[in-house]
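[1] Below is the sequence, then the predicted model.
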Amino acid sequence: MLQPLETLDVFTPAECQKIIAAARDGPSREAGLVGGLRSDNTRRSRIFWLDEDGECSWVFHRLLNSVAEANRSHFEFVLEEFGERMQVAWYQADPGGFFDWHVDFGDGPVAARRKLTMVVQLSQSEDYEGGMLETNCDGVVRQASRIIGSALLLPSFVLHRVSPVHRGERFSLTLWSHGPAFQ
């Protein structure tokens with residue numbers, strides 16, 4: 001199946017706040033595209049990176065288990081590793097945070113091996129307006145859940161975006177799983 005899969009209750013609201021706080025304790029930077037390129041016409045947000053060990057090991061293990069279970073029941077992709085750190089994205093109304101239509105699969109030794117992308121909703125839906133995570137894998141645009149702690153798992157080659165945030169701020173957590181080339 002190539003349709004994205006939504007999973008509810010990956011994290012509790014309190015756990016989502018703990019993840020945001022852990023991210024904010026570290027440095028942030030302007031978000032870029034695969035290969036480190038920057039384009040304010042494509043993406044405008046800040047990002048934080050979380051390690052799979054130490055303070056955030058519980059986050060990584062929860063996501064690892066969620067991805068493994070969903071992959072077995074829904075996608076059946078050959079996965080070998082999680083070759084990148086977890087990314088927390090911070091979309092703010094000022095300066096109009098967004099991420100235009102894109103795929104997560106790309107050039108480079110790591111991005112070329114991305115198979116599945118998991119995006120977790122860390123913010124309460126009432127904390128912002130706009131900022132919809134949307135997918136388009138078959139010509140039909142679908143909106144992901146805005147329920148805090150829910151996750152969307154999608155093949156990394158599926159088009160998706162975050163529409164502009166008009167009020168407030170939206171936080172999300174992304175993890176990519178990697179494997180051999182699709183055949």
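    Sure, I can see it.
[2] elements contacting the lowest-mean-pLDDT helix or strand in the chain?
    The helix or strand of the chain with the lowest confidence, counting by mean pLDDT, DSSP states H and E, is strand 29-30 at a mean of 74. The contact analysis (3 or more CB pairs under 8 Å, 6 or more residues apart in numbering; DSSP states H and E) places strand 29-30 against strand 46-50. (Each C-beta comes from the backbone N, C-alpha and C, glycine too.)
[3] what's the following helix or strand after the strand it packs on?
    Using DSSP states H and E, the helix or strand that follows strand 46-50 towards the C-terminus is helix 57-70.
[4] CA atoms only: put that next one into PDB for me.
    Extracted C-alpha coordinates of helix 57-70, given in PDB (Å, rounded to 0.1, in the frame of the first residue of the first chain):
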ATOM      1  CA  SER A  57      16.200   8.000  23.800                       C
ATOM      2  CA  TRP A  58      12.600   7.300  24.900                       C
ATOM      3  CA  VAL A  59      11.300   9.400  22.000                       C
ATOM      4  CA  PHE A  60      13.400   7.500  19.500                       C
ATOM      5  CA  HIS A  61      12.400   4.100  20.900                       C
ATOM      6  CA  ARG A  62       8.700   5.000  20.800                       C
ATOM      7  CA  LEU A  63       9.000   6.100  17.100                       C
ATOM      8  CA  LEU A  64      11.100   3.100  16.200                       C
ATOM      9  CA  ASN A  65       8.500   0.700  17.600                       C
ATOM     10  CA  SER A  66       5.700   2.700  15.900                       C
ATOM     11  CA  VAL A  67       7.400   2.700  12.500                       C
ATOM     12  CA  ALA A  68       8.300  -1.000  12.700                       C
ATOM     13  CA  GLU A  69       4.700  -2.100  13.600                       C
ATOM     14  CA  ALA A  70       3.200   0.100  10.900                       C
END
